[in-house]
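Undergrad: Here is a sequence together with a model predicted from it:
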Amino acid sequence: MGMLALACRVDSAVPPPGYSAFISGKNSLATTVPFSSFTSTSAAAVDSTNSNLTHWSSAHSSTLYRIDSWGAPYFAVNDSGNITVSPHGSSTLSRQEINLLKVVMKVSDPKSVGELGLQMPLIVRFPDVLKNRLESLQSAFVSAIQTQGYESCYQGVYPVKCNQDRFVVEDIVKFETHFRFGLEAGSKPELLLAMSCLCKGNLEALLICNGFKDAEYISLALLARKFQFNTVIVLEQEEEMKLVIDISKKLSVRLVIGLRAKLRTKHSGHFGSTSGEKGKFGLTTNHILRVIKDLHDSDMLDYGVSEAAQIYSKLTQLGADIKVIDIGGGLGIDYNGSKSGNSDLSVSYGLEEYASAVMNMIRVICDRKSVKHPIICSESGRAIVSHHSVLIFEAMSTTDMAPSMNQINLPFIELSEDARSDYWNMSDAVMRHDNETCLFYADQLKQRSVEQFKEGSLGIEQLAVVDGLFDLVTKIIVETEPVRTYLINLSIFTSIPDFRVLVKIFLSRSPFFSNIKMVSTVPIHRLDQKPEVKAILSDLTYDSDGKIDKFIGGEANPPLHKPGNGQYYLGMFLGGVNQEALGGVHNLFGSPSVVTVLQSDDPHSFVITHAMPGPSCVDVIRVMQHEPKLMFENLKHRVVEFYGIDVGSCLASTVARSFHNMPYLEPRSSCSLIAMNNSGFYYCNEEDYYAGSETGANKDEHWSYCFA
């Protein structure tokens, strides 16, 4: 601990609060307890660390937040201090870079100035980034094939579980039609979704059916085969084999079977505990051989998918005409920018190294066994979609770094003899710059004052003076860099569930959240200024777990800027996978608004092609089986009963507006409040109500009957 503030500011010429009173032997603190010497010290300490603010540049912020490490080649900081997006990765020209702040302004500024007027929080999607990730993955495998003389091809699939959003899945199918890029489903709804999207895809694109299956799932997958989709049913357990054979015969479908091998090899990393023979999914070698026999007996031993080259080679030698090895997922990305192989949040390889290693291992084993090279399939989701979207949210307000009062004017504090002694000893420790002793006696003073309060000999106002003094002394000595809490217009439980799981003890409680990572949360503007305040981000939910206090690499309290007069926007990056699927409606906060942004030759380098407001209160209430219209009628009946039809109907109209708005805060609300009859009641006028309804409700659901 450093005595920084208290030691520097309190000298023998300026006694601490109440010092002279104790010298004279009085039993009380002074009538006025000045805090100015303490608070000015704290401010001076902060100012001294920021004396070089004029020398701060965007490059300093880029280094501080490691943007070049985790963000390249898609995210960077321009000279104006704003985050820019390079939609085409390293091939992006300078004129094609998209200023993220300009996107936010275009989306959030009011309709009255010609913009979209969407409410925060906001997900911004960049399909160009998605396309670049797909092309980079395909290019890495094509390069490895050419370099190593591999005699087959690469044909990837996207696991829709990573992000089932319609536009994401449709874009992936559209972008990769010429590469025959397919989809992977793990449930019946995902299979239906994948079938629909692949109607516009390449006929050779794979449709991989994973997950545990019942008769309906298998029937649906076989019908997909009958609809001319290149469907592969991957067996997760031996019992599924009989169902597949029986149903395929009934439907007269020549099936394609995949076998998920439960490999003995264990690996490190977050999923290491689920690898090897005790893994959740897959068939052992005994199971595989029995399945092969069943297929042989049914005259169906002519196709297949396997995950391991050795098994592939052996099964091929047994007569299985296997065409594809599916190596599954697991292609990681570098969340913290450390390029480390020893971290669950990083990887020490790139796409090229990954593709080369996979290709080489399969080629060598196949050549040794003198079997043909199979098509290589991968189920990469995280590596494809993580970079393509950014979650934007506002910091609404902050706590003060020091108590807001410079003086507390209260009556004399009558202290016990022991408490008076503690104060004297604390004051003496201040003079000697003895931190530990000062903290010890400050704590003693507080505890004795609490006891006096419990006994009734000390008033609550007087106890508050002691509490304030203790908090200030502790802050000055312990927190040389004070930490502010920023209230953010967001629900972490809904929009950043991966972060909460990583940091909180739910990691050990809930195995449901198995896909975890650290997301990158940084300001999207003002990066040409030094961020001088250590921060905790606290969300809107009524839950103490709803906060972010970890920075990239696990460091505590990310540094942010002091609040200004305008909006302060933060972005959560690399969260395009899982976040939307995992999020719930904690405290009934719904999902964010969403916009899709494409690079264009527009003067601003972008065009917004799709915009969707976030769900209204009506939408999230219905999720929990409530009926908003009935709720409204109950409320309207109650207020009319108490205040009559005229006043009651106007009051009810205000409630109706709230039903149609998003659950999040509206810092720039334009709602006009008009007093009625000086009765203290307020309501939105009709024009404002319908303006709000147009953005928050379905067109066929305007509640016009709200007005008398």
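TA: Cool, the structure landed.
Undergrad: quick one, what contacts residue 663?
TA: 587, 588, 589, 590, 616, 617, 620 (C-beta atoms under 8 Å, 6 or more residues apart in numbering). (Glycine included, C-beta is placed from N, CA and C.)
Undergrad: which residues sit in contact with the last one?
TA: Neighbouring residues of residue 620 by C-beta under 8 Å, 6+ apart: 585, 588, 589, 590, 663.
Undergrad: returning to what we had before: now, among the contacts of residue 663, which is nearest to residue 155?
TA: residue 590 (37.7 Å; C-beta to C-beta).
Undergrad: and the closest one, how many neighbours?
TA: By other C-beta atoms under 10 Å, the residues close to residue 590 number 22.
Undergrad: What strand or helix carries residue 461?
TA: helix 460-478 (DSSP states H and E).
Undergrad: what's that helix packed up against?
TA: Applying 3 or more C-beta pairs under 8 Å, 6 or more residues apart in numbering; DSSP states H and E, we find helix 460-478 packed against helix 4-9, strand 32-34, helix 36-49, strand 407-409, strand 413-414, helix 435-455.
Undergrad: in the helix or strand that comes right after it, what counts as buried?
TA: Heading C-terminal from helix 460-478, the first helix or strand you meet, by DSSP H and E, is strand 483-488. Buried residues in strand 483-488, counted by 16 or more other C-beta atoms under 10 Å: 484, 486, 487, 488.
Undergrad: tell me which strands and helices strand 483-488 is in contact with?
TA: Using 3+ C-beta pairs under 8 Å, 6+ apart: strand 483-488 touches strand 389-398, strand 533-538.
Undergrad: which of the contacts of residue 663 has the most neighbours?
TA: residue 589 (28 neighbours).
Undergrad: Residue 87: what secondary structure?
TA: Recorded secondary structure, residue 87: coil (DSSP: H, G, I helix; E, B strand; the rest coil).
Undergrad: For it, which residues are in contact?
TA: 74, 96, 98, 126, 128, 129, 132, 598, 599.
Undergrad: how many other residues sit next to the residue lying closest to residue 628 once chain neighbours are set aside?
TA: Leaving aside its chain neighbours, residue 628 sits nearest to residue 618 (4.5 Å; criterion: C-beta to C-beta, 6 or more residues apart in numbering). Neighbours of residue 618 under the rule other C-beta under 10 Å: 23.
Undergrad: for residue 57, same thing?
TA: 15.
Undergrad: tell me the contacts of it?
TA: residue 528.
Undergrad: hmm, back to that, among the helices and strands packed on helix 460-478, which gets the worst mean confidence?
TA: Mean pLDDT per stretch puts helix 4-9 lowest among the helices and strands packed on helix 460-478, at a mean of 28.
Undergrad: Lowest average confidence across the helices and strands packed on strand 483-488, which one?
TA: Within the helices and strands packed on strand 483-488, the stretch with the lowest mean pLDDT is strand 533-538, showing a mean of 85.
Undergrad: What strands flank the helix or strand just after it, and is each parallel or antiparallel?
TA: Next in sequence after strand 533-538, counting helices and strands by DSSP H and E, comes strand 547-548. Strands that pair with strand 547-548, judged by DSSP bridges, come out as strand 533-538 (antiparallel).
Undergrad: what does the strand it pairs with contact?
TA: 395, 398, 401, 481-488, 521, 546-549, 556-562, 570.
Undergrad: Just the buried positions in stretch 240-254, please.
TA: 240, 241, 243, 244, 245, 247, 248, 253.
Undergrad: What about those, which are in helices?
TA: Per DSSP state H, helices hold the following members of the buried residues of stretch 240-254: 240, 241, 243, 244, 245, 247, 248.
Undergrad: these two touch, right, the fourth one and residue 219?
TA: No. In this structure, residue 244 sits apart from residue 219 without contact. The criterion is C-beta atoms under 8 Å, and the distance is 9.9 Å.
Undergrad: which regions of the stretch 51-200 of the chain sit below the pLDDT cut-off?
TA: By pLDDT under 70, the weakly predicted segments of the stretch 51-200 of the chain are 51-54.
Undergrad: can you give me the strands for it?
TA: With strands called from DSSP state E, counting those that start in this stretch, the stretch 51-200 of the chain shows them at 75-77, 83-85, 98-99, 122-125, 157-159, 182-185.
Undergrad: Tell me which of these sits nearest to residue 493.
TA: Here strand 122-125 is closest among those (C-beta to C-beta), at 15.9 Å.
Undergrad: pLDDT below threshold where in the stretch 251-400 of the chain?
TA: In the stretch 251-400 of the chain, residues with pLDDT under 70: 261-289, 291-312, 315, 318, 341-344, 400.
Undergrad: Mind doing that once more with 90?
TA: 253-350, 354, 357-372, 374, 380-382, 396-400 (pLDDT under 90).
Undergrad: next one: the stretch 451-600 of the chain
TA: 452-521, 532-559, 562-567, 572, 574-592.
Undergrad: Can I get the strands of the stretch 51-200 of the chain in CSV including mean neighbour count and distance to residue 427?
TA: Formatted as CSV, the strands of the stretch 51-200 of the chain follow (neighbours: other C-beta atoms under 10 Å; distance: least, C-beta to C-beta, whole Å):
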stretch, mean neighbour count, distance to residue 427
strand 75-77, 23, 48
strand 83-85, 26, 49
strand 98-99, 22, 55
strand 122-125, 24, 53
strand 157-159, 26, 66
strand 182-185, 28, 70
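Undergrad: Any chance of the ones you listed in a markdown table with distance to residue 112 as columns?
TA: Shown next, in a markdown table, are the strands of the stretch 51-200 of the chain (distance: least, C-beta to C-beta, whole Å):
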| stretch | distance to residue 112 |
| --- | --- |
| strand 75-77 | 31 |
| strand 83-85 | 27 |
| strand 98-99 | 23 |
| strand 122-125 | 19 |
| strand 157-159 | 41 |
| strand 182-185 | 43 |
